[in-house]
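> take this sequence and fold it.
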Amino acid sequence: MSIVIRGGHSTSCNGASATNIGGLDETTETHILCPLTINHLKRAGEEVIDGTPPTGNWSQNTDLKYGTDKANNNHAKLFVPEHFNKAYNSYNGAIGSEIWINPKNAEAVVIGTRILNNLEALGFRNRGLKDGMNEHHLHDIRSCVGTAVLVEVCFCEASEDIKLYRRVGADAVAKAISDGIVGRISSMSNPIVLTPISTSPVSVVSTQMYRLRKSWAEGGSQLVATATLSADMKAMCDKNAGYEVYNAIGQQVYPTGVVAKATVVPATRNNNSVAQLQAELNVQGFGPIAVDGFYGPKTLDACPMVKEGATGNITKWLQKRLAMNLQDGIFGSGTKAAVFAYQKAIGEKTVGRADGIVGRLTWAALLR
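Here you go, the predicted model:
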């Protein structure tokens, strides 16, 4: 069975672009990235088909349908559209990589997580796995019969994303995606080969980090994270009632034979998990909402207005999201200034008036 790789958009149905500020053009970059990814996959022994629409007079619907038809008609085991994202006219900083999947498709979760971690290894910020079924109803995810994993490499207008992409090069990005597909953890030197997911129902992915927590969703309860499941970590788990050890994609690996309390939740932003925020919203009575790691309208509706004088873990989450040096959970003048600067940077068309208060529009921007 084949893999279909799609390079973004056709030339008659262009994607995102920020070339007016010296940024990236999605159509141009994906048409470079797609054949490079195909070459890496072929070298790995995979049968690959190019699902990029050729030059022609395509509407948005026919452009999208071309890729999914290519995957479905060829009974592809995997469909991977490659894209670049855009949220603002300009953005000073890093936004990063994200991948859209059907979260109920376990294979998509594993492959998507692996690709994300490989892109993160190149230096891109990990924005996590996103629900392409229920939040944005993405055609590529909903219409593909097989497994679909839509890759948003980075943001065309984000200054640090642009610099990083140009520094590492399209071929390194293509290899990171290819390695994630075939079951390798990429590094700049020695990739680690994993057991293919088709032959192992419990694949260990990512960079082999094991986390000791009360549950996978409760990131704030974490006692330790190590690269190996050591005897010391097991002993610490035994001494702390209610704690378990989870691997990189949230599968409970110790103690064995015990059903995990939380479902698998894909990693979202580093140290900034949507699942962690959802759990805290429930603790503070703003729920109930599902702690699933996927941002949607119910999560946004649960987010309270936060302003100067607030204290607690929600404020601490905001401080982490804003990359503040002091993350003490106290919404003081410094946090207000950071929120104000963020609002000014992304623009009043997105968040309304910049006032240093985290209301609905600002929450929506922070959670993208």
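
> check contacts around residue 150.
Residues in contact with residue 150, defined by C-beta atoms under 8 Å, 6 or more residues apart in numbering, are 80-81, 83, 99-101, 132, 138, 140-141. Where C-beta positions appear, they are placed from N, C-alpha and C, glycine not excepted.

> looking at it now. What's its pLDDT?
The score at residue 150 is 95. That number is its pLDDT.

> list the buried residues in the helix or strand hosting residue 177.
Using DSSP states H and E, residue 177 falls within helix 170-182. Under the neighbour-count criterion of 16 or more other C-beta atoms under 10 Å, helix 170-182 has 170, 172-182 buried.

> return the helix or strand in the chain with minimum mean pLDDT.
Taking mean pLDDT, DSSP states H and E as the measure, the helix or strand of the chain with the lowest value is strand 192-193, at a mean of 39.

> just after that strand, pick out the following helix or strand.
Scanning forward in sequence from strand 192-193 by DSSP H and E, the next helix or strand is strand 210-213.

> which elements pack onto that next one?
Helices and strands touching strand 210-213, by 3 or more C-beta pairs under 8 Å, 6 or more residues apart in numbering; DSSP states H and E, are strand 224-226, helix 231-239, strand 244-246.

> contact partners of the first one?
Spelled out, it's strand 224-226. Outside strand 224-226, the residues touching it (C-beta under 8 Å, 6+ apart) are 209-212, 233, 236.

> where are the low-confidence patches of the stretch 101-250 of the chain?
For the stretch 101-250 of the chain, applying pLDDT under 70 flags the ranges 134-137, 184-209, 216-221, 248-250.

> which parts of the chain belong to which domain?
Following automatic domain parsing, one gets these domains for the chain: 3-199, 210-254, 277-366.

> what's the span of the last one, first residue to last?
This stretch, domain 277-366, spans 12 Å end to end (C-alpha to C-alpha, to the nearest Å).

> next: the second one.
Using C-alpha to C-alpha, one end of domain 210-254 lies 10 Å from the other.

> ok so, going back, most packed of the domains of the chain?
domain 3-199 (a mean of 20; mean count of other C-beta atoms under 10 Å).

> partner strands of the lengthiest strand in the chain, with direction?
Using DSSP state E to define each element, the chain has its longest strand at strand 78-85. Take DSSP bridges as the rule and strand 78-85 pairs in its sheet with strand 3-7 (parallel), strand 147-148 (parallel), strand 150-155 (parallel).

> and the contacts of it?
3-8, 15-16, 24, 26, 29-30, 33-34, 37, 51, 67-68, 71, 95, 98, 111, 140, 144, 146-156, 177, 181.

> quick one: the helix or strand following that strand to strand 150-155, angle?
Next helix or strand after strand 78-85 toward the C-terminus (DSSP H and E): strand 97-101. Going by axes from the mean of the first three to the mean of the last three C-alpha atoms, to 10 degrees, strand 97-101 is angled at 160 degrees with respect to strand 150-155.

> what about dumping the CA coordinates of the next helix or strand after strand 97-101 to PDB?
Of the helices and strands lying after strand 97-101 in sequence (DSSP H and E), the nearest is helix 106-122. Provided in PDB are the C-alpha atoms of helix 106-122 (Å, rounded to 0.1, in the frame of the first residue of the first chain):
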ATOM      1  CA  ALA A 106      -4.400   5.900  17.000                       C
ATOM      2  CA  GLU A 107      -2.100   5.500  14.100                       C
ATOM      3  CA  ALA A 108      -2.500   9.200  13.300                       C
ATOM      4  CA  VAL A 109      -1.700  10.100  16.900                       C
ATOM      5  CA  VAL A 110       1.500   8.100  16.800                       C
ATOM      6  CA  ILE A 111       2.700   9.300  13.400                       C
ATOM      7  CA  GLY A 112       1.700  12.900  14.100                       C
ATOM      8  CA  THR A 113       3.500  12.900  17.500                       C
ATOM      9  CA  ARG A 114       6.600  11.500  15.900                       C
ATOM     10  CA  ILE A 115       6.700  14.100  13.100                       C
ATOM     11  CA  LEU A 116       6.100  16.900  15.600                       C
ATOM     12  CA  ASN A 117       8.900  15.700  17.800                       C
ATOM     13  CA  ASN A 118      11.200  15.500  14.800                       C
ATOM     14  CA  LEU A 119      10.400  19.000  13.800                       C
ATOM     15  CA  GLU A 120      10.900  20.100  17.400                       C
ATOM     16  CA  ALA A 121      14.300  18.500  17.300                       C
ATOM     17  CA  LEU A 122      15.100  20.900  14.500                       C
END
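
> contacts only, for residue 316.
Residue 316 touches 327-329, counting by C-beta under 8 Å, 6+ apart.

> between these, which is closest to residue 123?
Using C-beta to C-beta, residue 327 comes nearest to residue 123 of the contacts of residue 316, at 22.2 Å.

> work out for me the element the closest residue in space to the closest one that isn't next to it in sequence sits within.
The spatial neighbour of residue 327 that comes closest, neighbours along the chain excluded (C-beta to C-beta, 6 or more residues apart in numbering), is residue 319 at 4.2 Å. Secondary structure from DSSP H and E places residue 319 in helix 313-321.
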